[in-house]
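Participant: Could you work out the structure for the sequence below:
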Amino acid sequence: MNISIDYNKMQGELDRRHYMSQVYIEKIETWKPTQLGVKTYGKWCDLVNWENLLNEKQTSSDDFMNLAVKRKWAEIYYSFEKKQNVCEPTKFGHDLFRTFEYWIDEKAQKKVARKKQINNVVKEGGKLVQMIPKILAGISQFMGNSSEQEEPTKKTKRRKKKKTTKKTNKKTSDTTDVNNPSWDNWSNSTRKGNWWEV
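Facilitator: Numbering: from 1, shown residues only. Model (predicted):
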């Protein structure tokens, strides 16, 4: 189970108890453990069976266990498996000494700094992903506007064609020419009588 820790709150608690002090190294503000803090941390690791990151062996005593219970860093319960009383950290004790470990472990500090950077990148990337539909809508609107500008905005109306009877110009022999002398021959030879009466 991953327990989130409020480092700012715990940092203030470590400072109040004089387990850590705020120092400036090369114009950089940081927190460093005090001698009392190193001694208390060593006893705490022995009490709750944590790995001591400072590699300093400290032995916990009954007095320290009573102090941890009194300050609500730990609780004592009876373990049927071990057939004895066992001391386990509370949330407050866990957070307090994990914050202490955070400030003595430069790798942990770098890891948290990288995690913050990744979260910022993901956060900015999420904003970018949310903006993509808006960007695409803007591009398509721009493309739509540019294609509309290419087309004429006013449509020209086509005129309706008037229905007219077409005269066919058939090339025939000189029968269509009224002035042609053969016309008279045709009209006289083929028609006998009044053709209009037919």
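Participant: tell me the domain ranges of the chain?
Facilitator: 7-104, 106-146 (automatic domain parsing).
Participant: mean pLDDT for those: which is lowest?
Facilitator: Per-segment mean pLDDT for these reaches its minimum on domain 106-146, at a mean of 77.
Participant: can the domains of the chain go into TSV with extra columns for distance to residue 157?
Facilitator: Using the backbone N, CA and C atoms, a C-beta is placed for each residue, glycine as well. Putting these into TSV (distance: least, C-beta to C-beta, whole Å) gives the following:
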stretch	distance to residue 157
domain 7-104	76
domain 106-146	25
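Participant: Indicate which one of these is closest to residue 160.
Facilitator: Of all the domains of the chain, the one in closest proximity to residue 160, counting by C-beta to C-beta, is domain 106-146 (32.7 Å).
Participant: Now do the strands in the protein.
Facilitator: For the chain, applying DSSP state E gives strands covering 20-25, 28-33, 74-79, 84-89.
Participant: Kindly reformat the ones you listed as CSV containing mean neighbour count and distance to residue 42.
Facilitator: Below are the strands of the chain laid out as CSV (neighbours: other C-beta atoms under 10 Å; distance: least, C-beta to C-beta, whole Å):
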stretch, mean neighbour count, distance to residue 42
strand 20-25, 12, 14
strand 28-33, 13, 11
strand 74-79, 12, 15
strand 84-89, 14, 15
